[in-house]
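> give me the fold of what follows.
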Amino acid sequence: MTYTCTPGTGGTAVTHDFTVTLTASTTAVTGTQYTATLSIQPLTTSAFPAPVQIASGAAIELQPTVSASALPAGMTAGVSTPSPTGAALTSAVAAQGTMPPLPMATLTVTPSTGATSVVLTAKDFKVSMVAPAGTGTTTTPTTLYNCVVAATGANTAPAVATIPVTSASASPSASASASASPSASASASVSPTPRNTRTVYETVFASPTPSKTKKTKSAQVENTPGGGAATGGGGDAGPDARLFVLTGTALMLAAGAGGLVLRTRRRPVRQ
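Down below sits the predicted model:
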């Protein structure tokens, strides 16, 4: 990328070319922080001199500006403001000498719930010097350069990294932790293997058809209770009434016959 850098001590802005590398995770989870790194190094073919002398033991500080946007529209992604400081220099760098390597910046990004992707964009940066302690010089960083993306040129498109985002429920770690502690619902979901059943239909009649039975004389009560005519005992109640009728009839016939005989005897005999 091409940046236009202005010395912190003032002066004329100079254009320099840098290799900008923005690296992020291949996937992210909503509501979870993940790390991205940013490396900015000047090309050897584009001189990037130190505007002032840098003493031995001092350190170089990089303050990049990285923006984060989330999709779909309305989603957000929080990004930290990195301000990494490099290791202390083992030797001094004279003014207009070659600038030492810039430290790598590390930042964290947190996509909001509902985000499906995050886009990181590397923009402007600032380079400062932190004087070594114990030298009587203030430890407040001294600005060496303020660099902004060049307005013209072939390499003015900023470095961009796009990271896909998944929901917390779909992440592998979430599913692993969920399976580590089985719940009651998991055991309740086990169902027995279904078996084949046979359905039997049975017809029930409201009033069953009576079966034919053979009539016998024994349908009457075999033992006639006592009480004669009052209970319908019939001939078992005492002497049969027919005997009395026959006896009376015989007496009447005998009486009639006797009367005829006597009448016949009383007729006078005719001479």
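> low-confidence stretches in the stretch 101-250 of the chain?
For the stretch 101-250 of the chain, applying pLDDT under 70 flags the ranges 133-139, 169-245.
> quick one: Val20 is in a strand?
Yes - under DSSP: H, G, I helix; E, B strand; the rest coil, Val20 sits within a strand.
> next, the closest residue to it other than its chain neighbours: phi, psi?
Excluding its sequence neighbours, the residue lying closest to Val20 (CB to CB, 6 or more residues apart in numbering) is Ala159, at 4.2 Å. Just so you know, the C-beta spots here come from the backbone N, C-alpha and C atoms, and that holds for glycine as well. Torsion angles at Ala159 (phi, psi; degrees, to the nearest 10) stand at phi -70, psi 130.
> how many residues are close by Ala159?
Other residues lying near Ala159 total 20 when counted by other CB atoms under 10 Å.
> do the same with the one 3 residues further on
By the measure other CB under 10 Å, the count of residues near Thr162 is 12.
> what's the helix or strand for it?
strand 160-166 (DSSP states H and E).
> parallel or antiparallel, list what pairs with that strand.
With DSSP bridges as the test, strand 160-166 is paired with strand 28-29 (parallel), strand 117-130 (antiparallel).
> what packs against the next helix or strand along the chain from the longest one?
Moving toward the C-terminus from strand 117-130, the first helix or strand encountered (DSSP H and E) is strand 142-149. When contacts are defined as 3 or more CB pairs under 8 Å, 6 or more residues apart in numbering; DSSP states H and E, strand 142-149 sits against strand 2-7, strand 117-130.
> how about the helices of the protein, start to end?
Using DSSP state H, the helices found in the chain span residues 172-180, 184-188, 241-266.
> which residue, neighbours along the chain excluded, lies closest to Ile54?
Using CB to CB, 6+ apart and skipping the chain neighbours, the partner closest in space to Ile54 is Val93 (4.1 Å).
> quick one on the thing from earlier: of the helices and strands packed on strand 142-149, which is nearest Gln33?
Closest to Gln33 of the helices and strands packed on strand 142-149 is strand 117-130 (CB to CB; 11.7 Å).
> show me which residues of the closest one are buried.
Residues of strand 117-130 classed as buried by neighbour count (16 or more other CB atoms under 10 Å): 117-118, 120-130.
> show me the two of these that sit farthest apart.
Longest distance between any two of the buried residues of strand 117-130 is 37.6 Å, between Ser117 and Met129; criterion CB to CB.
> picking up where we left off before, buried sites along the strand holding Thr162?
Going by neighbour count (16+ other CB under 10 Å), the buried part of strand 160-166 is 161, 163, 165-166.
> could you export it as PDB, CA atoms only?
Provided in PDB are the C-alpha atoms of strand 160-166 (Å, rounded to 0.1, in the frame of the first residue of the first chain):
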ATOM      1  CA  VAL A 160      -9.100  -6.000   4.100                       C
ATOM      2  CA  ALA A 161      -9.900  -9.300   5.800                       C
ATOM      3  CA  THR A 162     -13.300 -10.900   5.800                       C
ATOM      4  CA  ILE A 163     -14.100 -13.400   8.500                       C
ATOM      5  CA  PRO A 164     -17.300 -15.600   8.500                       C
ATOM      6  CA  VAL A 165     -19.200 -15.700  11.800                       C
ATOM      7  CA  THR A 166     -21.300 -18.500  13.200                       C
END
